[in-house]
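K.L.:
This is a predicted model, with the sequence first.
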Amino acid sequence: MAEKFTRWDAADYLETEEDMALYLDACLDEDAGDGSLVRAALNDIARAHGMTQLARDTGLTREGLYKALSASGNPEFSTMLKVIKALKIKLHAAPAVPAKPRRGSRKKAGRELAAA
């Protein structure tokens, strides 16, 4: 008896807005720098959310979204931001390496305030 396999699709497992945000966050961390993993993640999230509704929310056509988020797509950054905003996902920027605390800056600022 031959085994039957089905293709695994991330969109089938993205059930909540939190799932979608965490998935995109992980893909942002793991992307090689060319944006292909982020684009693929947005494709998965868009399909899980519903491409027709997302097209309405972004003001883009459904076909345009499919094309932009496809493996051969090269969406503009503004398109990516429209999609992210419509999905109610918030991006957050942080330093890649935690900053070292600066010495003396608090004391100096305190003295400047006291002198004023």
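P.N.:
That came in fine, so what should we check first? Values in this document were obtained by computation on a predicted structure and should not be read as measured data.
K.L.:
can you give me the helices in the protein?
P.N.:
Counting by DSSP state H, the chain has helices at residues 17-30, 36-49, 51-58, 62-68, 77-86, 105-115.
K.L.:
Nearest to residue 3, out of the ones you listed?
P.N.:
Nearest of these to residue 3, taken as C-beta to C-beta: helix 36-49 at 25.4 Å. (Each C-beta comes from the backbone N, C-alpha and C, glycine too.)
K.L.:
one step back: check the helices of the chain for me and report the most buried one.
P.N.:
Counting by mean count of other C-beta atoms under 10 Å, helix 36-49 has the highest mean neighbour count of these, with a mean of 20.
K.L.:
Need the residues that contact that helix.
P.N.:
Applying C-beta atoms under 8 Å, 6 or more residues apart in numbering, the contact partners of helix 36-49 are 9-12, 14-15, 20, 23-24, 27-28, 30-31, 54, 65, 69-71, 73, 75, 80, 83-84, 87, 89.
K.L.:
so how far is it from its chain's centroid?
P.N.:
The chain centroid and the centroid of helix 36-49 are separated by 9 Å under C-alpha atoms, centre = their mean, to the nearest Å.
K.L.:
tell me the mean pLDDT over it?
P.N.:
The predicted model assigns helix 36-49 a mean pLDDT of 96.
K.L.:
hey, C-alpha coordinates of it in CSV?
P.N.:
The C-alpha trace of helix 36-49 is given here as CSV (Å, rounded to 0.1, in the frame of the first residue of the first chain):
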residue,chain,number,x,y,z
SER,A,36,12.1,36.5,-0.4
LEU,A,37,11.2,34.9,3.0
VAL,A,38,9.3,37.9,4.1
ARG,A,39,7.4,38.0,0.8
ALA,A,40,6.6,34.3,1.1
ALA,A,41,5.4,34.8,4.7
LEU,A,42,3.1,37.6,3.6
ASN,A,43,1.8,35.3,0.9
ASP,A,44,1.0,32.6,3.5
ILE,A,45,-0.6,35.1,5.9
ALA,A,46,-2.6,36.8,3.1
ARG,A,47,-4.0,33.4,2.0
ALA,A,48,-4.8,32.5,5.6
HIS,A,49,-6.5,35.9,6.1
